[in-house]
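J.: How does the following fold in three dimensions:
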Amino acid sequence: MNQSTFRIGIIGIDSSHAPTFTQLLNDKDHPFHVAGGKVTIAYPGGSPDFEMSYSRIEGFTAQLRERGVEIVGSLEEVAANCDGILMTSVDGRIHLEQFRRVASYRRPIFIDKPMTVSSVEASEIFAIAQENNIPIMSCSSLRYAEELTIALEASDTSSNVIGMDCYGPMALQPTQPGLFWYGVHTVEMLFRVLGKGCLHVTAATTEDHDLITGVWDNGVIGTIRGNRKGNGQFGALLHRESHTQFVDVNKHPKPYYASLLEKIMTMFVSAAPDIDGEETLQIIRFMEAANESRETGLTVNL
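T.: Coordinates of the predicted model:
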């Protein structure tokens, strides 16, 4: 199908990402418009036990209607009337069940963060996707922050990466345990650089801060500092053999979401996800193991 007519359906209008993605895709006058598709249909969804879900559906749904998006009463209706799916339901607990219900339609799908709050459920999603030959991708938009991409691609940074320290806000949300709510953003940045191969994770936690340390199979150490007090910005130090790069992800004017949507649209039309599924599974297990370590104070193997 021609990219200009690619119909995108949204499942879950209880996240700010739903109107954000819709604006970037549907508004050709937006300075960071992402071409190639249009959001045409959406299902509100929502979780009745999650205040940040049910309290926002009405407002976000109104925003999509204003942009000409058809609002329907089921996930299945969305899947039957689109060419690709953005699953933006804010509650990671329900993504597996939602995916099960639309898998038979075999649409390429992006599942917003957190993909799930369980490595077992994440593995099941990938198994269903493989069985049905469904291109699938899930990540935080921080993975594709332009300043991080620039740091990785800079011509004068040919020396090997020997470590990375990431930081960002890490609010806690009982329905999305530990790192799964906001920690996912810094974890995605860390894995974008260090890749697969984390062996074990150790967490130190106080009321206001977390420090998560991962050790990789090549000897590289990566850390995440999660703040519930003080600095609310995202960033990182990228350590190389010759020098250290400071990555201020707020410096670049291009929104993270626009950079992410470009990767999603490429997957939609090419059926080739940008992220290795095994890496996504390791990211989910990293957060799960970090949560275990937060509770016990012990090092947890992946």
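J.: only C-alpha atoms for contact and neighbour calcs from this point on.
T.: Fine.
J.: Residue 186 should be in a helix, yeah?
T.: Yes: applying DSSP: H, G, I helix; E, B strand; the rest coil, one finds residue 186 inside a helix.
J.: so what pLDDT did residue 158 get?
T.: Turning to residue 158, the model gives it a pLDDT of 62.
J.: A strand includes residue 138, no?
T.: Yes: assessed by three-state DSSP, residue 138 belongs to a strand.
J.: I'd say it and residue 111 touch.
T.: Yes: using C-alpha atoms under 8 Å, residue 138 is in contact with residue 111, at 4.8 Å.
J.: list the buried ones in stretch 46-53?
T.: For stretch 46-53, a neighbour-count test (16 or more other C-alpha atoms under 10 Å) marks 46, 47, 52, 53 as buried.
J.: could you list every residue that touches residue 22?
T.: 38, 39, 64, 67 (C-alpha atoms under 8 Å, 6 or more residues apart in numbering).
J.: Just give the closest residue to the third one, not the sequence neighbours.
T.: If the residues on either side of it in the chain are set aside, residue 64 comes closest to residue 19, at 6.1 Å by C-alpha to C-alpha, 6 or more residues apart in numbering.
J.: any idea how far that neighbour is from residue 267?
T.: 21 Å (C-alpha to C-alpha, to the nearest Å).
J.: Taking the contacts of residue 22 together, which two end up most distant?
T.: 38 and 64 (11.8 Å; C-alpha to C-alpha).
J.: follow-up on the earlier one: C-terminal to the helix or strand harbouring the residue nearest to residue 64, what's the next element?
T.: Taking DSSP states H and E as the definition, one finds residue 19 inside helix 17-26. The first helix or strand that comes after helix 17-26 along the chain, using DSSP H and E, is strand 37-43.
J.: helices and strands around that next one, which ones?
T.: When contacts are defined as 3 or more C-alpha pairs under 8 Å, 6 or more residues apart in numbering; DSSP states H and E, strand 37-43 packs onto strand 6-11, helix 17-26, strand 70-71, helix 75-80.
J.: any idea of the mean pLDDT in the next helix or strand after that strand?
T.: Using DSSP H and E, the next helix or strand after strand 37-43 towards the C-terminus is helix 51-54. Mean pLDDT, helix 51-54: 94.
J.: I'd like the next helix or strand past helix 51-54.
T.: Taking DSSP H and E, what comes next after helix 51-54 is helix 57-66.
J.: residue contacts, residue 124?
T.: residue 96.
J.: buried set for the helix or strand hosting it?
T.: Using DSSP H and E, residue 124 falls within helix 119-131. Buried residues in helix 119-131, counted by 16+ other C-alpha under 10 Å: 119, 121, 122, 123, 125, 126, 128, 129.
J.: Likewise for stretch 84-100?
T.: 84-96, 98-99.
J.: May I ask which two of those are separated the most?
T.: Top of the distance list for the buried residues of stretch 84-100 (C-alpha to C-alpha): 84 and 93, 21.6 Å.
J.: Just say which of the helices and strands packed on strand 37-43 is most tucked in.
T.: strand 6-11 (a mean of 25; mean count of other C-alpha atoms under 10 Å).
J.: Fine by me, we can end here.
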